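Participant: Below is the sequence, then the predicted model.
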Amino acid sequence: MKYLLTILFFLSFSSTSISNEKSRGKIEKLRFDNLEKAIKDDKLKKIIKNERKKIKLSYKTKKKNFKNLYNFPTEGEFWNFFSDYWLIKNEPILKWNYQRTDYKLIDFVKKFFKDQGVLDKSISVLLLNTPVMFYGIMPTKNNKLIFLLSNPFIKILDLSKEEISLLFFQEYIRNKEGILFKYLKSDLLANKFSSNFYKKNFSISFIEPVQKAFNDLYLYKGFNFQDQYNLTKALNIHLQSNLKLWGTYINLLKKIDSLTKSNSLYKDYIKKFPSPELQINWLTDKFKKNSNF
Amino acid sequence: MSIILTFLYFFNSSGSSSFKIGYLTPIFSNIHKNMFVDSKIVSTLSCGHPVRVNLKQRNANWYKVKTGPYIGYIKKIDIKFKKIKCFQDKYPKFFNKFNFSVDELYLWGKLNDRFSKGYVRFR
């Protein structure tokens, strides 16, 4: 029995060693003959390709992001920025940084604009403590409106909130009709919007003509007759549906007209907004005679 | 009992949280000592700066905020609770070309203070 067990033990040992040798041979075959196929089956090449693509893409996006730092603002963003810039630079002239009483004007203006169907707009009002500039709208785009108004001008004319809102509405129409941008736009600037100045010589000298145009428009020259006529025409269309408001506007123009004739401090008004007297004539005589105006 | 108390504590603290992180929206704006624009300026901050807004201490137009060591008030219209892309961040190289002095930046904050702002909504 003992002998039988020993024979069986040796037999089993030898059989396992034979099967091991066989499997080794298989592995060797796999390693040396079908290596490329095995790699293909593992999709390692694809993974490497994808990883390389990812690295290339991230490098490209990094480069693009870096280049984007040198972008020139879009038209709307530039005007918003430059309006603030001009106000800051001209603070000594415009004198907007003074202590004032809050007239709660903005709530009335908001309601007024809503009643006129001007919706989804952000409105900002800045009061100036100077008679150098009377009122105006800053060139902003999209849904932002910035209005400027002289506090001495309000006081001397004793303007009501409705009259102030009407002045703002007039300026809003001026901006909407594109009259304002006629005076401020330049070809040099138009080419720069949304451009990129990466690895290019870039200086801010381009703002000098823009700054001059702002100064001319708001502080010295103002608008010409034709544009004032076009504005009055456009405003008439808006106000004709509300005769009470139309009458308020005529009265407002009469007030301004008598002020410009009686007070030498406000004589420049006619140069900048020609002219209240003519506007009244355009609105009353011509409008009555010719409804097509 | 202790488990219930701990649960109540956490439930209470998360439910009635009166602080929220807000971000400034104007290019520059000021933190004031009191709830009016002529009060003392505590600090001038740039757009996108995060502030801790105390939602309990406010009135119709102002929030009480804390940022770093500064505590004060900021106009509600100048804060958003979602981060926005600011002009300075979008066009940093363009903005830097103007080389604004500290005085000008301070004045920019003042300009933002002096604006009376409102929004005409659809409804």
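Facilitator: That came in fine, so what should we check first?

Participant: any idea how far chain B is from A:Leu105?
Facilitator: 6 Å (CB to the nearest CB, to the nearest Å). Placement of C-beta: from N, CA and C, glycine included.

Participant: For that residue, give me its contacts.
Facilitator: A:Val125, A:Lys161, A:Ile164, B:Ser116 (CB atoms under 8 Å, 6 or more residues apart in numbering or on different chains).

Participant: Nearest to A:Ser150 among the residues you listed?
Facilitator: A:Ile164 (10.9 Å; CB to CB).

Participant: Look up how far A:Glu51 lies from that closest one.
Facilitator: 65 Å (CB to CB, to the nearest Å).

Participant: So for these two, which sits in the more crowded spot?
Facilitator: Taking neighbours as other CB atoms under 10 Å in any protein chain shown, A:Ile164 and A:Glu51 compare with A:Ile164 leading, 23 against 10.

Participant: Next, format the contacts of A:Leu105 as TSV and append distance to B:Tyr106.
Facilitator: Shown next, in TSV, are the contacts of A:Leu105 (distance: CB to CB, whole Å):
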residue	distance to B:Tyr106
A:Val125	22
A:Lys161	32
A:Ile164	29
B:Ser116	20
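
Participant: any idea which of those residues is closest to A:Tyr198?
Facilitator: A:Val125 (38.7 Å).

Participant: Just the strands from chain B, written as ranges.
Facilitator: Here chain B has its strands, by DSSP state E, at B:19-24, B:28-32, B:41-46, B:50-58, B:62-67, B:70-75, B:79-80, B:116-120.

Participant: is chain A contacted by the second one?
Facilitator: No - judged by CB under 8 Å from any CB of the partner chain, strand B:28-32 makes no contact with chain A; its nearest approach is 9.2 Å.

Participant: Determine the set of other helices and strands touching that strand.
Facilitator: Applying 3 or more CB pairs under 8 Å, 6 or more residues apart in numbering or on different chains; DSSP states H and E, one finds that strand B:28-32 makes contact with strand B:41-46, strand B:70-75, helix B:102-114.

Participant: The first one now?
Facilitator: Strand B:19-24 is packed against strand B:50-58, strand B:79-80, with contacts defined by 3+ CB pairs under 8 Å, 6+ apart.

Participant: thinking again about what came up before, pick the most deeply packed of the helices and strands packed on strand B:28-32.
Facilitator: Among those, the stretch with the highest mean neighbour count (mean count of other CB atoms under 10 Å in any protein chain shown) is strand B:70-75, at a mean of 20.

Participant: any idea of the angle that strand forms with helix B:102-114?
Facilitator: 50 degrees (axes from the mean of the first three to the mean of the last three CA atoms, to 10 degrees).

Participant: Export the strands of chain B as JSON lines, with columns for distance to A:Ser195.
Facilitator: Formatted as JSON lines, the strands of chain B follow (distance: least, CB to CB, whole Å):
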{"stretch": "strand B:19-24", "distance to A:Ser195": "28"}
{"stretch": "strand B:28-32", "distance to A:Ser195": "26"}
{"stretch": "strand B:41-46", "distance to A:Ser195": "25"}
{"stretch": "strand B:50-58", "distance to A:Ser195": "32"}
{"stretch": "strand B:62-67", "distance to A:Ser195": "36"}
{"stretch": "strand B:70-75", "distance to A:Ser195": "35"}
{"stretch": "strand B:79-80", "distance to A:Ser195": "29"}
{"stretch": "strand B:116-120", "distance to A:Ser195": "31"}
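
Participant: TSV for these, including mean pLDDT?
Facilitator: Converted to TSV, the strands of chain B look like this (pLDDT from 0 to 100):
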stretch	mean pLDDT
strand B:19-24	94
strand B:28-32	95
strand B:41-46	94
strand B:50-58	89
strand B:62-67	94
strand B:70-75	95
strand B:79-80	95
strand B:116-120	90
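
Participant: just those: most buried one?
Facilitator: strand B:28-32 (a mean of 23).

Participant: Residues in contact with that strand: which ones?
Facilitator: Against strand B:28-32 from outside (CB under 8 Å, 6+ apart): B:39-47, B:51, B:65, B:67, B:70, B:72-75, B:78, B:105-106, B:108-110, B:112-113.

Participant: again with stretch A:220-229
Facilitator: For stretch A:220-229, the external contacting residues (CB under 8 Å, 6+ apart) are A:174, A:179, A:182-183, A:217, A:231, A:271-275, A:278-279, A:282.

Participant: Which of those sits closest to chain B?
Facilitator: A:Arg174 (18.1 Å; CB to the nearest CB).

Participant: Counting by contacts, list what the helix or strand harbouring that closest one packs against.
Facilitator: Assessed by DSSP states H and E, A:Arg174 sits inside helix A:161-176. Identification of packing neighbours for helix A:161-176 by 3+ CB pairs under 8 Å, 6+ apart yields helix A:105-115, strand A:135-137, strand A:144-150, helix A:225-239, helix A:243-262.

Participant: can you rerun that using 10 Å?
Facilitator: helix A:105-115, strand A:121-128, strand A:135-137, strand A:144-150, helix A:151-157, helix A:179-184, helix A:225-239, helix A:243-262 (3 or more CB pairs under 10 Å, 6 or more residues apart in numbering or on different chains; DSSP states H and E).
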